[in-house]
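[1] Based on what follows, work out the 3D shape:
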Amino acid sequence: DYILRRIDIAMTPKARISALIIATATMVGLGACKSQKKAVSAPEYGQTEQTSMPAGHTLDADFTAMTSAYTPWNDLSVPVKVSVTQPKKVSVSGTLKMEYNKALSLSLKMLFIEVAQVYIDNDSVLVVSRPAGAYYSESLQRFTAASGLCLADIQSLFLGQAFAPGKGTATASYGKVFRLAAEPSLSDAEMSVWKATPRKLPAGVDWNFTVIAPVQAEPAVVPQLFALDISAASNTLRCSYAGSGISQAGIIASMMQIEGNVKKRKIDAVISSSMNSAQWNSGTKITRPS
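    Predicted coordinates:
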């Protein structure tokens, strides 16, 4: 309720649409051990472990606390629901599969029949529409050159975790990659709001993370990703996150809203993941669609 009141006061009516989803987010804590060599076991999704904010509330400390809440993972398979209101209204279910920094597949079904699939690997991006008998193909390198995002970044985006451009899930050591700036107009004695903007981005592209953090060093509470805003030319997108919990990837979000304008078309969609049914590090393999 507190976050909702702050959003209602500080944001425009248009921005509140995204914020309503975020307002349900809870900041939960964990005691995750970082390792770049192998995935580390973690509690079932939704369970929490006790932790505390670092002594001395600074943006650098917030960044360290947030990124220390992420745990390395190998693969994931999870049921999802996609609800689109713009450009057309449609609701479909499906499965999201990911092999970290190798491949991503989002298969969408209606009446148990696959109607579309999004596939991304380190070579290309494919979007297949089976009813239309059509597909879209793009080089991932071209996409990365235009946006600054690599495959591992996109996977972190789906999980609601911050990432360093072209490097995947952020760690505490990536703090110098970003410019951290407080947002005093949205902050007060209880909640701190700040932005993390990559220092290096492709020409004509701008994007930044918004993070919310408790000011007091309360147990079981860590800073969390609130939103990601991207703009390129006249195209704008905001990814907003909610439904946070602990998983074998550390703290993640189970709900993401994507809204904005791309090539003069409005986009508004919500992707909800059933993280309680997720299969982590089970050897999931992804095949390229024919």
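
[2] so what's Val193 up against?
    Shown in contact with Val193 (CB atoms under 8 Å, 6 or more residues apart in numbering): Ala182, Glu183, Leu186, Ser187, Thr210, Val211, Ile212, Ala213, Phe226. To be clear about C-beta, it is placed using only N, CA and C from the backbone, and glycine gets the same treatment.

[3] repeat for Lys176
    Arg199.

[4] Confirm that it sits in a helix.
    Yes - counting by DSSP: H, G, I helix; E, B strand; the rest coil, Lys176 is part of a helix.

[5] where's it relative to Lys200, distance?
    11 Å (CB to CB, to the nearest Å).

[6] For this protein, name the helix or strand with the lowest mean pLDDT.
    Ranked by mean pLDDT, DSSP states H and E, the helix or strand of the chain with the weakest confidence is helix 13-22, at a mean of 30.

[7] Report the lowest-confidence entry in the contacts of Val193.
    Least confident of those in the model: Ser187, at 72.

[8] Report how many residues lie close to that residue.
    Applying other CB atoms under 10 Å, we find 17 residues neighbouring Ser187.

[9] go on, Ala196?
    Count around Ala196 with other CB under 10 Å applied: 24.

[10] do the same with Thr67
    Counted with other CB under 10 Å, Thr67 comes out at 23.

[11] who are the neighbours in contact with it?
    Ala162, Thr169, Ala170, Thr171, Ala172, Tyr174.

[12] Quick check: the gap between it and Phe226.
    Taken as CB to CB, the span from Thr67 to Phe226 is 15 Å.

[13] Helices along this structure, start to end?
    Taking DSSP state H, the helices of the chain run over residues 2-10, 13-22, 59-67, 140-147, 151-159.

[14] Least confident of those, on average?
    The bottom spot among the helices of the chain, by mean pLDDT, belongs to helix 13-22, with a mean of 30.

[15] residue ranges of the strands in the stretch 1-150 of the chain, please?
    75-86, 90-99, 103-110, 113-121, 124-129, 134-139 (DSSP state E, counting those that start in this stretch).

[16] Redo those strands as a markdown table? Include distance to Glu259 and mean neighbour count.
    What follows is those, written out as a markdown table (distance: least, CB to CB, whole Å; neighbours: other CB atoms under 10 Å):
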| stretch | distance to Glu259 | mean neighbour count |
| --- | --- | --- |
| strand 75-86 | 8 | 18 |
| strand 90-99 | 15 | 19 |
| strand 103-110 | 18 | 19 |
| strand 113-121 | 18 | 17 |
| strand 124-129 | 19 | 16 |
| strand 134-139 | 21 | 11 |
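
[17] Switch those over to a markdown table; also include distance to Gly245.
    Listed next are those as a markdown table, based on distance: least, CB to CB, whole Å:
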| stretch | distance to Gly245 |
| --- | --- |
| strand 75-86 | 12 |
| strand 90-99 | 16 |
| strand 103-110 | 21 |
| strand 113-121 | 24 |
| strand 124-129 | 29 |
| strand 134-139 | 33 |
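
[18] Reformat these as CSV; add mean pLDDT.
    Formatted as CSV, those follow (pLDDT from 0 to 100):
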stretch, mean pLDDT
strand 75-86, 95
strand 90-99, 95
strand 103-110, 93
strand 113-121, 91
strand 124-129, 91
strand 134-139, 90
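
[19] Let me know which of those is the nearest to Ile251.
    strand 75-86 (14.7 Å; CB to CB).

[20] The closest one versus strand 90-99: what angle between them?
    Put simply, strand 75-86 runs at 150 degrees to strand 90-99, going by axes from the mean of the first three to the mean of the last three CA atoms, to 10 degrees.

[21] Next, the angle from strand 75-86 to strand 103-110.
    Going by the same axes, to 10 degrees, strand 75-86 makes 50 degrees with strand 103-110.

[22] Tell me the confidence at the residue of the chain most remote from its centre?
    Distance from the C-alpha centroid of the chain, by CA atoms, centre = their mean, peaks at Gly133 (30.5 Å). If you check Gly133, the pLDDT there is 85.

[23] I'd like to know how far it sits from Lys109.
    For Gly133 relative to Lys109 (CB to CB), the value is 17 Å.

[24] Return the backbone torsion pair for Lys285.
    phi -120, psi 140 (degrees, to the nearest 10).

[25] Can we start the residue count at 17 from this point?
    Shifting the count to begin at 17 puts that one at Lys301.
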